[in-house]
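Asks: with the sequence up front, the predicted model follows.
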Amino acid sequence: MTPSATPVAPARDLRGTSPVLSAVRQRLMPVSALVNVLGLSGIVSLAVAVWVLVGLDGWSYYTTPFAVRGYSPVHRLLRPSGPVGQTLGVFGAVLMLVPFAYMGYKRLWRSRTGTNLKRLLEVHIFCGIVGPVLITFHTAFKFNGIVSAAYWSMALVALSGFVGRYLYVRIPRTIRGVELSQTELDDRMTALREELQWSAGPDVLEALDRLEADVDARPVSWFSGLGEGALRRSLADLASLLESRTGAGSSVELRAAVEERLRLAQRRHALAATKRLFDLWHVFHLPLVWVMFAIVSLHVGVALYLGYVPFRW
Amino acid sequence: MCRSDGERPRRPWRSLAWAIGLTLVAAWTGAPEAEARQLGALVSPGRLSQPHASLEGIRNCEKCHEAGNRITAAKCLSCHQPVADRIRARRGVHRQVQNGECVTCHAEHQGATGELRPFDLKAFDHGRDAGYPLDGRHAPLTARCEACHKTRSYLNVSTSCASCHQDVHKGTLGAACQTCHTTQVAFKEGRQGFDHSKAAFRLDGAHEKVACESCHKNQQYKGVAFATCASCHTDPHTPKAAEACTACHTTATWRTRRFDHTATRFPLLGKHETTACADCHVRPALKVTPRYDTCAACHTDPHKGAFKQDCKACHNEQSFAKAPFDHTTTAFPLTGKHAPADCVACHKNLTRAATRTARVTPAVVEFGGLKRDCASCHDDTHKGDLGASCETCHTTEGFALSSYTHRTNSAFFAGAHEPASCVACHLRPSPAAMPVLTAARVVPPRVVPAGKPATITPVHGPFGNVTFTAAAETCATCHADVHLGQVGAACETCHAVVLPKFAVTTSFDHARTKFRLGGKHTAVECTKCHTSQTGAFPAGTGTAVRFTGIATTCVTCHTDIHLGQVGATCETCHDDRAFKMTSYAHRNPAQRGFFVGAHQKAACSTCHAPASGAFPAGRGTAVRYAIRTECTDCHRDVHNGSLGPKCGDCHKPDRFAGLAPAAGRLGRRNAR
C-alpha cells in the first residue's frame, strides 16, 4: 500500500455506524436476478417433455410421418384434439394468458410500493416458458394454417423474453423490481462514496476513481453488450486489488460497496442507451403478443364452434 | 412498463413494429398464394388427403364437421353410402362398427399424402373381412390387392369370375365358371371341378383319365358327338368286327375283354379264366380258330408221353401241380401223414427220365415203379434191430410210439412207468451209458456212445443218436440205488410204481426194526432221524439218507439238557409220551425224613433252580439237581443267627408253620 499525504481514515465496520447505511443496506436487484425462475421453468418443461415423449411414447409418435401418423397407437391420445394434446393446449393457453396480468398490472395499477413487481415478473417468466412448451406438444409438431403464425409468434416472444430479462436486470431497480429514478440513483452513489471514504483505503478509492473515470470515458454501444464486458474486467481488477489487502479493510461489506459503486457507475453511464434498447425490445415483444393473441382467439373460437370443447373427448 | 417519473416515452418504433409484425404474420403462414386465397387454408389444421381434396376451403368445413359435435359418422356416411350399407348389414371390414366415430380409424388433415385407410395386410383376412376368401390359386393375390382392385375403392370389384378373368369359352358355357373350375387347381385343370356325370355322356373307366382336349377339340364343349365309340375311337380290327365294340370291350381299359367264352365250344374254367387272351390266341381270333381239343394244343407234356391217358385223369383247370389224383385207386392208398404229402416227396425226379434226354425239365416226374414197403422211402432208424415190420410199432398217423402197449407184465408198465419215454429204458449199448433214472427226472443221453459210431442212426424226435434194445424188468436196470445198498434190491418193499415219482408207501412198519416207534415218536417225520449224510454206506462212500446203523439211545437224537448230572438213562424219569416229568420220588433212604411235610409238597423248581457253572458234561446252564439239604441253603434265618444253625432243634418240616407263622416264609436262596 502506498503511503498518502492525506490522513487515511481507519477501516471501519460499516454496520451500524454510517449515516447513509440505510441507503446502502437497501439491496438493489442484482444482475443474477430471475435466474431461479429460469431454472424452475426449465425443470417443469423438462418434466413435461419427458412425460410426453417417454411416458406416453410421444417420441415415436412425433417422429412418425404425417401421412401415417393417424394410425399410431397414441394418435388418439396425443393428437391436438386428443385428451392429452388438447389439455396441453388449454393449459398452455391459460399460462400464456398469465403474462397479460403482469402487463395489465403495470399499465393499469402502477404502484411503486404495493406489489412485488419482481415476483409478478417471475410468474410472467415461468408461464412464458412453460406455456410455449405445452403449446408445442399441443401442436404435435404440425404447423399448418394461420395458427402456425401464432405459434411462431409465441416462440419469438418467448425467446425475446430472454433478451428482455438481460436488459431488465441492467436497469437499476430495487430488489422488489421498482426502477430507481435518476435522483435515487445519484443519492445512492453519493452515499456509497461517503461510506467508502470511511471504510476503504486511499489506494482503493484511487483505483475506484480511476475505473469510474474509465467507465465514463467509454462509449456505450449496443453491440458491446452495453459495456458489460469492460465492466466485468474492471470488477476483476478491483477484486484483485482488494484481495491483496489484509485486515479489516478487506471485509465483504467493503468489497460489496466498492463493486456496487463501480457497477452503478457503469449502469448510470449506459442507462439512457439501455432504456432506449428496452423500449425497442418492447416494440418487438408486444406486437408479437397481440398477433399471437388474435390468431389464437380465432383458433380457439373455430375449435369451440366445431365442438372441440376442452375436457370433452 | 413502469417508469419512475410516470412519463410515457416517445415510441417512434411502435408503428414500425406493427408493420413488421403484420409482415411476419403474412410470411409465417407459409401458405402458397393459391391456397392463401382460401381462408379455409388458414384455419385448417392441415391439408386434406387426396381423395378429399375437393372438400378443401372454408365453405366446406361443415360438410364433414358438425357445429358443436366435431365429426359425426352420419356426416361421413352421407357420402360413403356403400360403407353405410355394409355397416348396417354387418358385412366386410366395417361389420363390427358399433355407433363408432369414423375418425377413430380414419385420420384426416394429415396432408395430401395422408393415408385414410389403415390397412394391415398381415392382419387382413380377405374371407373374413371382405366376404370373399382368397384360397387356392387366388391365395398369392393376398399381397397384390391391385391385381383385382383396379380402382381406389375396394368395393367396386364383383365376385364374378368375369370381372377379372377372360372367358375363353366366349360365353358358350355361361357365366357360372365354378361349375367346371375351382380356385384349387389351374384353370386348365378345370375338369377336376366339372362333374361330367351331369353331362349327357358320363365318363367312367379309362375315360375319366383322358384329357378334355382329346374329345373336346378346339375348345368345343357343346355338340360333341358321342353316340358311338367310333365318334372318338378308330376300329383296329381287320376285317371290321361285326358286333358292337361294347360286346367285347368296356371303358375300364381298351384291353379289357368282355367276351363270353362260354358261348364258344371251349368255356374257360379255373386258371383258364385269368389267362390272357393272347396266350392262346396267338393269331387274331377273328382270322384263325385256335385248336382246343387236346391240352397239348397249348400245354407241353411234362411227362414226355409217359401216360397215354388224357391229362384230365390227373389234372384239371384249377391247378396243374395239385392234381386231384385219387391214390386209393392204386395199390398204396395214402393215409395219415401220407395224405397231405407232396407227390414229389415220394415220386422223385428220377434219373431214368433225366438221363434219357438232356432236354428234360425239372418238372418231369416219374410216377411208376415205387415200392410199398416203408424202407423204400423211410430210413430204418433201428438199423434192422427190430425187423422190417415197421407197422408193428408205427402207423402212418405218426412216427412216435405214443400208442405202444407192452404186452407182458402190465403191472410193471403202470403208474410212473406209463408216461416214461421209450428211450428212457430202451437204451444201448451198456448200462454204463444209461441215464441215471430217479423218481424225479429222466435224463436221456445226448451224445453218441464212444466206440459205437457206426451203429448209431439218427431217429425222429428228441431222442437222437439212440438205438433200441430189450431191457430187463428190474428196478436196478434203469434206476440207480439212491440208498447206496442200505435197504437191499427189493425196492418194491417201500416204493410203488403206482405212486407219483415212486413215492414211499405209507405202510412201512417201523416195528420190524430194532426201534419201535411209540408215543410222540410216531408223529415225527422220517427225515428228523433219517437225515442225509455223507460217508460210508454198504455200497460204498457217498451221500444218502441214513437208514441203517442208527443207535437207539435217546442221546442219538436228543440233547442232554441236564449236562450229565443224571446219567444217560433218560427213561428213569422221562418216557416217549411227553418229555415233561410229571412226578418224581426222591429215593435216597438217608433223606427219607427230609422229604416230608412242606418239603413233600414243594415244587421241584423251589429247590432245583437253573444255574450257570460247571456240570459233569462241562460248563453251561442247567437246572442243578445235586444240592445240599441244610436248612439255611434254602431258608432265610429270621433269627439272624441268634439261635444258632440248628433249625431242626425247634422246627420240623411238617410243623414249621404252626411254630411261628412269621418264620414260615421261605427265603429262596441260591442253591450254591
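Replies: Okay, I see it. Numbers count the residues shown, from 1 in each chain, chains lettered A, B, ... in the order given.
Asks: which outside residues touch stretch A:91-105?
Replies: A:115, A:120-121, A:123-124, A:127-128, A:130-135, A:138, A:154, A:289, A:292, A:296, A:300 (C-beta atoms under 8 Å, 6 or more residues apart in numbering or on different chains). All C-beta spots, glycine's among them, are computed from the backbone N, C-alpha and C.
Asks: quick one, which of those are buried?
Replies: A:115, A:120-121, A:124, A:127-128, A:130-135, A:138, A:154, A:289, A:292, A:296, A:300 (16 or more other C-beta atoms under 10 Å in any protein chain shown).
Asks: and the stretch 101-250 of chain A, which residues reach chain B?
Replies: Neighbours of chain B within the stretch 101-250 of chain A, by C-beta under 8 Å from any C-beta of the partner chain: A:106-107, A:110, A:112, A:117, A:142-149, A:152-153, A:178-181, A:184.
Asks: of these, grab the buried ones for PyMOL.
Replies: The buried subset of those, as determined by 16+ other C-beta under 10 Å, is captured in PyMOL by this line:
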select buried, chain A and resi 106+117+142+143+144+145+146+147+148+149+152+153+178+179+180+184
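Asks: out of the residues of the stretch 101-250 of chain A next to chain B, which are inside strands?
Replies: Cross-referencing those against strands under DSSP state E gives no overlap.
Asks: spatially, what comes nearest to residue A:36 if we skip its sequence neighbours?
Replies: With C-beta to C-beta, 6 or more residues apart in numbering or on different chains as the criterion, residue A:36 has its nearest non-adjacent residue at 7.8 Å, and that residue is residue A:122.
Asks: where does chain A have low pLDDT?
Replies: The model of chain A has pLDDT under 70 over residues A:1-27, A:109-115, A:245-251.
Asks: for it, what's the longest helix?
Replies: helix A:252-305 (DSSP state H).
Asks: is that helix anywhere near chain B?
Replies: Yes - where contact is defined by C-beta under 8 Å from any C-beta, part of helix A:252-305 touches chain B, namely A:275, A:278-280, A:282-284, A:286-288, A:290-291, A:295, A:298-299, A:302, A:305.
Asks: which strands or helices does that helix pack on?
Replies: Packing contacts for helix A:252-305, counted by 3 or more C-beta pairs under 8 Å, 6 or more residues apart in numbering or on different chains; DSSP states H and E, involve helix A:83-108, helix A:147-168, helix A:182-199, helix A:202-217, helix A:228-244, helix B:14-28, helix B:39-43.
Asks: do you know which of those lies nearest residue B:586?
Replies: helix A:83-108 (124.6 Å; C-beta to C-beta).
Asks: so what's residue B:202 closest to, chain neighbours aside?
Replies: residue B:196 (6.3 Å).
Asks: how far away is the one you found from chain A?
Replies: Taking C-beta to the nearest C-beta, to the nearest Å as the measure, residue B:196 falls 52 Å from chain A.
Asks: hang on, that residue packs against residue B:204?
Replies: No - when contacts are counted by C-beta atoms under 8 Å, residue B:196 is not listed as touching residue B:204 (9.2 Å).
Asks: how close does residue A:271 sit to chain B?
Replies: Residue A:271 is 12 Å from chain B, by C-beta to the nearest C-beta.
Asks: nearest residue to that residue other than its sequence neighbours?
Replies: Using C-beta to C-beta, 6+ apart, the closest residue to residue A:271 is residue A:171 (7.0 Å).
Asks: who's in contact with the one you found?
Replies: A:179, A:267, A:271, A:274, A:275, A:278.
Asks: among those, which one has the most neighbours?
Replies: Neighbour counts for these (other C-beta atoms under 10 Å in any protein chain shown) peak at residue A:267, which has 23 neighbours.
Asks: over to the nearest residue to that one once chain neighbours are set aside: give its phi and psi.
Replies: The spatial neighbour of residue A:267 that comes closest, neighbours along the chain excluded (C-beta to C-beta, 6+ apart), is residue A:172 at 5.2 Å. Here is the backbone geometry of residue A:172 (degrees, to the nearest 10): phi -60, psi 130.
Asks: pretty sure residue A:172 is touching residue A:264, no?
Replies: Yes - counting by C-beta under 8 Å, residue A:264 is a contact partner of residue A:172 at 6.4 Å.
Asks: between the two, which contacts overlap?
Replies: With C-beta under 8 Å, 6+ apart as the test, residue A:172 and residue A:264 both reach residue A:185.
Asks: helix A:182-199 and the longest helix of chain A, what's the angle between them?
Replies: 150 degrees (axes from the mean of the first three to the mean of the last three C-alpha atoms, to 10 degrees).
Asks: what is the orientation angle of helix A:252-305 with helix A:202-217?
Replies: Going by the same axes, to 10 degrees, helix A:252-305 makes 40 degrees with helix A:202-217.
Asks: which of the helices and strands packed on helix A:252-305 sits closest to residue B:560?
Replies: helix A:83-108 (114.1 Å).
Asks: list the buried residues of the closest one.
Replies: A:84-86, A:88-89, A:91-93, A:95-96, A:98-99, A:102, A:105-106.
Asks: what's the end-to-end length of stretch B:627-635?
Replies: 14 Å (C-alpha to C-alpha, to the nearest Å).
Asks: how distant is it from the center of its chain?
Replies: 85 Å (C-alpha atoms, centre = their mean, to the nearest Å).
Asks: what is the mean pLDDT for that stretch?
Replies: Mean pLDDT, stretch B:627-635: 78.
Asks: between the contacts of residue A:171, which is closest to chain B?
Replies: For these, the residue nearest chain B by C-beta to the nearest C-beta is residue A:179; the value is 5.1 Å.
Asks: list the residues that contact the residue of the stretch 101-250 of chain B found nearest chain A.
Replies: Closest approach between the stretch 101-250 of chain B and chain A, counting by C-beta to the nearest C-beta: residue B:107, at 2.2 Å. Listed by C-beta under 8 Å, 6+ apart, the contact set of residue B:107 reads A:69, A:70, A:71, A:75, A:79, B:114, B:116.
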